[in-house]
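> Provided below for reference: sequence and predicted model.
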Amino acid sequence: MTMDFEEIVPVQAAAPRAVERTETPTGEIVLKVDDLTVRFPSDEGPVNAVQNLSYEARLGRTLAIVGESGSGKSVSSMTVLGLHNPERTFISGSVMLDGEEIVGASEATLRKVRSAKVAMVFQDPQSSLHPFYKVGGQIAEAYLAHHRVSKAVARKRAVEMLDLVGIPNPDRRAKQYPHEFSGGMRQRAMIALGLVNDPMLLIADEPTTALDVTVQAQILDLIGDLQKEFGSAVILITHDLAVVAEVSDDILVMYAGRAVERGLTRDVLARPNHPYTWGLLQSLPSASEDADSLKAIRGAPPSLVHLPPGCSFHPRCDFQDLVGDACLSQLPELRSVAPGRLIRCHLATPDETLNPEAALIDHQEISS
Amino acid sequence: MLIYIARRIAMAISVLLVALVATFLLFFAGPADPAQSMCGELRCSQQKLEDIRHSMRLDRPVPEQFAEYFKGLFVGRDIIQSGSIKECSAPCLGYSFRSQREVKGAILARFPTTATLALMAMSIFLTIGVSTGVLAARRRGTGLDRFVVGFTQVFGAIPYYIVALLFALYLTVLNPVLPRAANISSGVGPWLVGLIAPAIVLGLVTSTGYVRYTRSSMVDTLAQDYVRTARSKGISEIRVVYKHALRAAISPVVTILGLDMAALLSGTLITEQIFSVDGVGRLTIQSLFQDDLPVIMGAVLISAFLVVTMNLVVDIAYSFVDPRVRLG
C-alpha cells in the first residue's frame, strides 16, 4: 500500500459525542420506537412478530433487548434499518431515527440512513460477510456509499477501521477474504463495518452467540470501548442476562412480540417486577447453589400465529392464581410502576410479590 | 492456485484418454466391419476395401490399430486412397473415404457456423434467462413470479423439435419475416442473418431452463445474511442484487452453461437440421445417414473433447468466482 499522507482520513470524523454513563437517562434520544407492530403472512395465518412496542435509545447508553427466540427482538431492530420486504411485511407505528420516520420511508431515505445513522452487527459473522469479496473492500463499500471519496481513500479508511477494532496487520488483513479470518476476527471486522460511517446508533444482534466463549468477552469489551470513544447509542439484542448485567444501562424485556418490562438494567435485574423477568433470573445458575437447583421456566414460548388469549405469558406464569381470570381473558396494559419503570402484568403489587426480602436477587452475584 | 489448475488439467487429460479408447473400441472392436462402414458405399469395391483395411491397419490386431489411430492424432499418419498415399497431418481425426477428404477439414469447415449459432443463442438465453430469473426471484410469490415459473415450465415441456419446426414454418416459410439459412460461401452477410432464426429458437427455448436455475439460486442467495449486510450498508438495491446476490447465485448457472456450451459447440442436431444450417450437427446427421464412420467418430471425439474442456473451463472459472475454491 502506498502511503499518501494527504489522503489519510481521521478515524473520528465527528467529534466524540461526549456522554458519561449516568444513573438516569440523559443522553439525546436518537431512536424513538412508538407503538410498533410488525406482522408477516404465513401459511398458518399472520405471524404477530411485534405488537405495540415502544422504546427509545439514547446517545452514550446501551439498551439491552432481552427475550427468547421468537420474542420479536431481532424483528423490531430490523425495522429500524427498514430491512423488511415491504411487500411481505405489515408494519404500523412509528420508528423515528434522528428525527426521520423509518416506517414507510422511501428507498432513498433508507439508503441515506443505513450505515450512516444506524448500523447493525449481526449474529453470525461467518454468514454475514460476503464470502467472495475481500474484507477491506466490503468495509470500504459502506464508506463509499456515504462519502464522495476515491476508492483509495475508502480503502485506507477500511484499514484504519480494522486497526481500530484490534485486528493485527490490518493492511494485510484488509486484502484477505472472510474465510481466512477466525470467528472473533470476523466479528471484529463486522463491527468495523458497522462503525465505518460513525453511526449514532449501533444495533448488535446477539453479537457473541456464534463465537467461542473466550472470544465473547473480548467482543463485548470492544463494543463498550468503541461506544465510549464514538459516544453512540448501542442496542444490544441478547438472551444472555449475564451480558446484560455487565454492559447495558437500560433493559427492555420482550415476550411473544410485546414489551413486558422496561427500566434501568440495575433496577430490573435486582428487583424484577414481571413474572417472566423473574423467571429468567431464577433460571440463572449461581455459584452458591448446585446445578440441580436450576429453575427453568416451564412450558415453551407460544406460537406467534396463535397467541394465547389474555396475557401471552399466562400459560407459563407461576403467579397466575394470584390474579385469576383476568390473566386468561384480558391483555394487561403496559403500566408504570415506578419512575421509568414499565411492566405488562395484572399483579396488583408485583414488586412485593416477586421480591420478598428473602428472595431478593443479589445483584453482585449476577454481575460477577 | 496453480496446483489446483494443474490438477484439473491432469484430470481432464485422463478423462479424454478414456473417452478416446472408448470411442475407438465402440467402432473398431464392434461386430460390424469397420472397413465396410468407412467405405460409405453400399457396394464397396474390393480394391477400396483393401485400401481402407491396409491404411487403417484393420488387417492388424486391435492394439496395433489403436496405436496407428493414436499416432494419427498426435503425429499424423498416411492414408492410402486409390493407390496414392495421402498425408493426414496431426491431429488426424481420420479420412472420409466416401467424400474423399480429411474428417478434420470437413468438421473445421462447418465449425464457424455452429460456433456462431451457439454464441448467438448463448447471448440470447443468458440475457433473457438470467435477467428474468433475477426478476422472478426478487418478486417471489407475486403474480409475475408465478407467471414466469408457469410459462417456463409449459414452454420448456413442449418437445423442442415441435417448437423449432413451427417457428421455422411460420417465420421463415409461411411468413418469411426472417431470412432462411445460407451457406457461408454465399457471403458473410446472408450467412450471418440466416442464423438469426435458429439462434432465436434455440436461445428462447434454452432460456427457460436458465430462468429456473437463476430464479431458484437467487431465491436462496437473496435470503442469505450477507445480502442483508449489503443492504444495511446503504448501497443501491441494484448493487445489492447484482453485485452481492447474483455474484454468489451465478455459480450453479455457470456449471450448466459450461455443459450446454459443450453440447451446442458439438453441433445442434435438431436446430441445424430443421433450419438447414450447414453446421457440425448437420454434418453429423448426414454422416449417420451415409454410414460415413470416420466423420461420426471425429464428431464424437470432438464432442468429448469439448465437454471435458468446458468442464475444465468451468472449474477454473469457479476458482475466480469463489475465493474459497482456491484452497482446494
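Yep, it's here. Numbering: from 1, shown residues only, chains lettered A, B, ... in the order given.

> Spatially nearest residue to B:S287 (excluding sequence neighbours)?
Closest residue to B:S287 in three dimensions, ignoring its sequence neighbours and counting by CB to CB, 6 or more residues apart in numbering or on different chains: B:V295, at 3.9 Å. Heads up, the C-betas are built off the backbone N, CA and C, glycines and all.

> doesn't B:T284 make contact with that neighbour?
Yes. The pair formed by B:V295 and B:T284 meets the contact definition of CB atoms under 8 Å, at 7.3 Å.

> between those two, which one's more packed in?
Neighbour comparison, B:V295 and B:T284: the larger count goes to B:V295, with 29 against 25 (by other CB atoms under 10 Å in any protein chain shown).

> quick check, the more buried one in a helix?
Yes. B:V295 forms part of a helix when assessed by DSSP: H, G, I helix; E, B strand; the rest coil.

> Now for it: which residues touch it?
B:G94, B:S96, B:S99, B:V103, B:A106, B:I107, B:L283, B:T284, B:S287 (CB atoms under 8 Å, 6 or more residues apart in numbering or on different chains).

> Make sure the first one is actually in contact with B:G105.
No. Checked against CB under 8 Å, the pair B:G94 and B:G105 is beyond contact range at 10.9 Å.

> ok, the two, which is more surrounded?
Set B:G94 next to B:G105 and count neighbours by other CB under 10 Å: B:G94 wins out with 25 against 14.

> Roughly how far does the more buried one sit from chain A?
45 Å (CB to the nearest CB, to the nearest Å).

> go on, B:P63?
Counting by CB to the nearest CB, the gap from B:P63 to chain A is 50 Å.

> next one: B:R77
Separation of B:R77 from chain A (CB to the nearest CB) stands at 48 Å.

> Run a quick neighbour tally on A:G93.
17.

> can you give me the offset of the helix or strand that contains it from its chain's centre?
Mapping A:G93 onto the secondary structure by DSSP states H and E places it in strand A:90-97. Taking CA atoms, centre = their mean, to the nearest Å, the mean C-alpha location of strand A:90-97 is offset from the chain mean by 17 Å.

> Ok, stretch A:130-140 next?
Distance of stretch A:130-140 from its chain centroid, counting by CA atoms, centre = their mean, is 24 Å.

> near chain B, anything from that stretch?
Yes. Applying CB under 8 Å from any CB of the partner chain, one finds stretch A:130-140 in contact with chain B at A:H130, A:P131, A:F132.

> top of those by neighbour count?
Of the residues of stretch A:130-140 next to chain B, A:H130 is surrounded by the most neighbours, 24 neighbours in total, counting by other CB under 10 Å.

> element containing that residue, please.
Counting by DSSP H and E, A:H130 is found in no helix or strand.

> Now it: phi and psi?
Note on A:H130: its backbone torsions stand at phi -70, psi 120 [degrees, to the nearest 10].

> Test for you: state the pLDDT assigned to it.
Predicted confidence (pLDDT) at A:H130: the value is 95.

> isn't it right next to B:Y226, touching?
Yes. The pair A:H130 / B:Y226 is scored as a contact, 4.3 Å apart, by CB under 8 Å.

> any idea how far A:P199 is from A:K112?
In this structure, A:P199 and A:K112 are separated by 12 Å, where distance is defined by CB to CB, to the nearest Å.

> In terms of neighbours, single out the busier of those two.
Just comparing A:P199 and A:K112: by other CB under 10 Å the higher neighbour count belongs to A:P199, 24 against 16.

> Double-check that the more buried one belongs to a helix.
No. The assignment for A:P199 (three-state DSSP) gives coil, which keeps it out of a helix.

> Helices of the stretch 251-368 of chain A, start to end?
Listed in chain order, the helices of the stretch 251-368 of chain A (DSSP state H, counting those that start in this stretch) span A:265-270, A:275-282, A:320-323, A:326-329, A:350-354, A:363-367.

> Distance to chain B added to those helices, as a markdown table?
Conversion of the helices of the stretch 251-368 of chain A to a markdown table gives the following (distance: least, CB to the nearest CB, whole Å):
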| stretch | distance to chain B |
| --- | --- |
| helix A:265-270 | 26 |
| helix A:275-282 | 27 |
| helix A:320-323 | 39 |
| helix A:326-329 | 37 |
| helix A:350-354 | 38 |
| helix A:363-367 | 32 |
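
> Save those as TSV, and put in distance to A:P308 and mean pLDDT too.
Shown next, in TSV, are the helices of the stretch 251-368 of chain A (distance: least, CB to CB, whole Å; pLDDT from 0 to 100):
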stretch	distance to A:P308	mean pLDDT
helix A:265-270	24	91
helix A:275-282	13	90
helix A:320-323	11	85
helix A:326-329	8	88
helix A:350-354	20	83
helix A:363-367	29	49
